[in-house]
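Chemist: just a sequence and a predicted model for now, questions to come.
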There are 2 protein chains.
Amino acid sequence: MCQLLGMNANTPTDVCFSFAGLAQRASEHKDGFGIAFFEDRGLRYFVDHHSARISPVAELVRRYPIKSDNVIAHIRKATQGRVALENTHPFVRELWGRYWVFAHNGDLKHFQPRLHAAFRPVGDTDSERAFCWLMQEMAKAHASVPTVAELTHTLRELVPAIAAHGNFNLLLSNGQALWAHCSTALAWVERAHPFCAATLADDDISIDLAAATTPQDRVAVVATEPMTRDEAWARFAPGELRVFVDGRASAC
Amino acid sequence: MCQLLGMNANTPTDVCFSFAGLAQRASEHKDGFGIAFFEDRGLRYFVDHHSARISPVAELVRRYPIKSDNVIAHIRKATQGRVALENTHPFVRELWGRYWVFAHNGDLKHFQPRLHAAFRPVGDTDSERAFCWLMQEMAKAHASVPTVAELTHTLRELVPAIAAHGNFNLLLSNGQALWAHCSTALAWVERAHPFCAATLADDDISIDLAAATTPQDRVAVVATEPMTRDEAWARFAPGELRVFVDGRASAC
């Protein structure tokens, strides 16, 4: 199983702290890592087929405080598809003049959808196949970028068709919101004023969140397992799909 | 005007030397940079809206010897489109299960093609518009990845329609070949055994190319202006389109 990390915030925020925690988990999940940062409509995208523990690219990400309102990161333990750059999550496609970023944790069996439209996998993972099918069906359902509520509704219809084939823990973002679906393991936390200190679950690194934030800031973090040991993480229920906007779980 | 750098090789080769030269040109071209490296079908993609002279991402690229058989890099001086990540070249799209990377140097006037298919610009540059139109028309012309010769033929038909609107110096790659079209300024050099020493045109850095290569290696480098002062660079003629495969200019 791989490990996912997502961040959605109401103001551009860096993920150096959380990514340091994720990289600690890369001893077992050593088959590459990737991270995508939205900056408004633009995207920074770093992948490496080396482990996040030793990759010079991961070292840059840990040290360079890239501020973003939507981030998706993934460290990979290969189940389907060889260890290669084209099989490294997250995957990116453009639709309706927006970039879409997708990462998946799980394993899909016998998922060979008909891909007849404009989205084809470059690599050979079940995950990229699922992403291409999602994009194809989203493109059919809407003529242009839908509202967050509309797209959430569409995803609630589409995702179960994939999840029927196995574990489908997913993160998806277009820079406006972060969608997360849980089959087996996903947890989330909201950070807001008054910010406290937080300590990584996988390391002894602590951070005083108040020192790096203003009272107006809101940040939601989603991860396969809780990233910190002293915050109130909530676990997703199996089959649950949530969307995060402006740093909080949305009601839609 | 921006600056382009492309590399095509018959064996994965690093571009640290050439990128160091390109970064020297970033004092004038300060509105961002980007570089994409193919590794087989996979892609590493680095962009920053900071100048390549000061960007920590550029520093990583200069020091981390990423080996690739096809590279496209660009440093930007904004003419159309504001300074933002989504306007930073190169641009990437997927078509026929392959990534396509595009960078442009020049300025297109009144180029507002009808984009009715699956490729839409995310930013607001003339360059990304031209790329989306090229992808749209390529998708119409072929049902799956064409041969290099077939695609070269298609590009010879399509490119003049864009170049009629202004300067259209372009680099395009899908990881199998590097296509280059010149309106006003583009030069290229082939490196092959016996390799010699080379000195950057913009700095006093020299490299002994023989020390880092084998007699079988072949590398072609394409750039807006010759990158070195002691090699036999050839200049493209205005309107010329060339394709590089396995480190040499192809006859097609």
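Modeler: Great, that's in hand.
Chemist: max-length strand in chain A?
Modeler: Secondary structure of chain A per DSSP state E: the longest strand is strand A:3-13.
Chemist: now do that strand: which elements does it pack against?
Modeler: helix A:16-24, strand A:68-75, strand A:98-105, strand A:169-173, strand A:178-181, strand A:218-223, strand A:241-245 (3 or more C-beta pairs under 8 Å, 6 or more residues apart in numbering or on different chains; DSSP states H and E). C-beta coordinates here come from the backbone N, C-alpha and C atoms, glycine included.
Chemist: can you redo these as JSON lines with mean pLDDT and mean neighbour count?
Modeler: Formatted as JSON lines, those follow (pLDDT from 0 to 100; neighbours: other C-beta atoms under 10 Å in any protein chain shown):
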{"stretch": "helix A:16-24", "mean pLDDT": "88", "mean neighbour count": "22"}
{"stretch": "strand A:68-75", "mean pLDDT": "96", "mean neighbour count": "28"}
{"stretch": "strand A:98-105", "mean pLDDT": "97", "mean neighbour count": "24"}
{"stretch": "strand A:169-173", "mean pLDDT": "98", "mean neighbour count": "27"}
{"stretch": "strand A:178-181", "mean pLDDT": "98", "mean neighbour count": "26"}
{"stretch": "strand A:218-223", "mean pLDDT": "97", "mean neighbour count": "25"}
{"stretch": "strand A:241-245", "mean pLDDT": "98", "mean neighbour count": "22"}
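Chemist: out of those, flag the one nearest chain B.
Modeler: Among these, the nearest to chain B by C-beta to the nearest C-beta is strand A:98-105 (5.9 Å).
Chemist: partner strands of the longest strand of chain A, with direction?
Modeler: Sheet pairing of strand A:3-13 (DSSP bridges) gives strand A:68-75 (antiparallel), strand A:218-223 (antiparallel).
Chemist: out of those, which comes closest to residue B:27?
Modeler: Of all the strands paired with strand A:3-13, it is strand A:68-75 that lies closest to residue B:27, at 27.7 Å by C-beta to C-beta.
Chemist: how about TSV for the helices and strands packed on strand A:3-13, with distance to residue B:234 added?
Modeler: Converted to TSV, these look like this (distance: least, C-beta to C-beta, whole Å):
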stretch	distance to residue B:234
helix A:16-24	45
strand A:68-75	43
strand A:98-105	37
strand A:169-173	45
strand A:178-181	50
strand A:218-223	53
strand A:241-245	54
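Chemist: between the ones you listed, which one is closest to residue A:121.
Modeler: strand A:98-105 (11.6 Å).
Chemist: mind giving me the packing neighbours of the closest one?
Modeler: Using 3+ C-beta pairs under 8 Å, 6+ apart, strand A:98-105 sits against strand A:3-13, strand A:33-39, strand A:42-48, strand A:68-75, strand A:91-95, helix A:126-141, strand A:169-173.
Chemist: get me the contact residues on the stretch 101-250 of chain A for chain B.
Modeler: A:117, A:118, A:119, A:120, A:121, A:122, A:123, A:139 (C-beta under 8 Å from any C-beta of the partner chain).
Chemist: so which of these is the most crowded?
Modeler: Neighbour counts for these, by other C-beta atoms under 10 Å in any protein chain shown, peak at residue A:119, which reaches 26 neighbours.
Chemist: coming back round to it: list the buried ones in the longest strand of chain A?
Modeler: Buried residues in strand A:3-13, counting neighbours by 16 or more other C-beta atoms under 10 Å in any protein chain shown, are found at A:3, A:4, A:5, A:6, A:7, A:8, A:9, A:10, A:13.
Chemist: and for residue A:106, the neighbour number?
Modeler: As a measure of burial, residue A:106 has 23 neighbours, counting by other C-beta under 10 Å.
Chemist: hang on, I meant residue A:140
Modeler: 11.
Chemist: list the contacts for it?
Modeler: Each residue near residue A:140 by C-beta atoms under 8 Å, 6 or more residues apart in numbering or on different chains is listed here: residue A:117.
Chemist: what's the distance between it and chain B?
Modeler: Residue A:140 sits 12 Å away from chain B, going by C-beta to the nearest C-beta, to the nearest Å.
Chemist: now the stretch 151-252 of chain A against chain B: closest residue?
Modeler: Counting by C-beta to the nearest C-beta, the stretch 151-252 of chain A gets nearest chain B through residue A:175, at 9.4 Å.
Chemist: that residue - nearest residue in space that isn't next to it in sequence?
Modeler: Distance criterion C-beta to C-beta, 6 or more residues apart in numbering or on different chains; nearest residue to residue A:175, sequence neighbours excluded, is residue A:38 at 3.8 Å.
Chemist: partner residues bridging residue A:68?
Modeler: residue A:13.
Chemist: list the residues that contact it.
Modeler: The contact partners of residue A:68, by C-beta under 8 Å, 6+ apart, come to A:7, A:9, A:12, A:13, A:14, A:15, A:37, A:38, A:39, A:44.
Chemist: list just the nearest of those to chain B.
Modeler: Distances from chain B to these, taken as C-beta to the nearest C-beta, are shortest for residue A:39 (4.7 Å).
Chemist: so the closest one sits against residue A:45, correct?
Modeler: No. Taking contacts as C-beta atoms under 8 Å, residue A:39 lies outside contact range of residue A:45: 11.2 Å.
Chemist: the two: who's more crowded?
Modeler: Neighbours were counted for residue A:39 and for residue A:45 using other C-beta under 10 Å; residue A:45 has more, 22 against 19.
Chemist: contacts for stretch A:165-173?
Modeler: Contact with stretch A:165-173 is made by A:1, A:4, A:6, A:8, A:36, A:38, A:70, A:72, A:74, A:90, A:100-111, A:126, A:130, A:134, A:155, A:159, A:162, A:178-186, A:222, A:224, as judged by C-beta under 8 Å, 6+ apart.
Chemist: then stretch A:117-127?
Modeler: A:80-82, A:84, A:86-87, A:89, A:91, A:93, A:102-104, A:107-108, A:111, A:115, A:128-129, A:131-133, A:135-136, A:139-140, A:165-166, B:41-42, B:94-99, B:117-118, B:139.
Chemist: show me how to select, in PyMOL, the buried members of the residues you listed.
Modeler: A single PyMOL command selects the buried members of the contacts of stretch A:117-127 (16+ other C-beta under 10 Å):
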select buried, (chain A and resi 80+81+84+86+87+89+91+93+102+103+104+107+108+111+128+129+131+132+133+135+136+139+165+166) or (chain B and resi 41+42+94+95+96+97+98+99+118+139)
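Chemist: ok, which of the strands paired with strand A:3-13 comes nearest residue A:249?
Modeler: Closest approach to residue A:249 among the strands paired with strand A:3-13 is made by strand A:218-223 (6.6 Å; C-beta to C-beta).
Chemist: how far off centre is that closest one?
Modeler: Using C-alpha atoms, centre = their mean, to the nearest Å, the distance from the centre of strand A:218-223 to the centre of the chain it belongs to is 11 Å.
Chemist: pull up the pairing partners for whichever helix or strand comes after it, direction included.
Modeler: Per DSSP states H and E, strand A:218-223 leads on to strand A:234-235 as the next helix or strand towards the C-terminus. Note on strand A:234-235: by DSSP bridges, its sheet partners are strand A:187-192 (antiparallel).
Chemist: what pairs with the very next helix or strand once past the strand it pairs with, and is each one parallel or antiparallel?
Modeler: Once strand A:187-192 ends, the next helix or strand along the chain (criterion: DSSP H and E) is strand A:197-199. The strands beside strand A:197-199 in its sheet (DSSP bridges) come out as strand A:206-208 (antiparallel).
Chemist: please identify the buried residues of the partner strand?
Modeler: Quick answer for strand A:206-208 (16+ other C-beta under 10 Å): residue A:207.
Chemist: circling back to that earlier point, and the contacts of residue A:68, which two are furthest apart?
Modeler: The most widely separated members of these, counting by C-beta to C-beta, are A:9 and A:44 (15.3 Å).
Chemist: any low-confidence regions in the stretch 151-252 of chain A?
Modeler: A:252 (pLDDT under 70).
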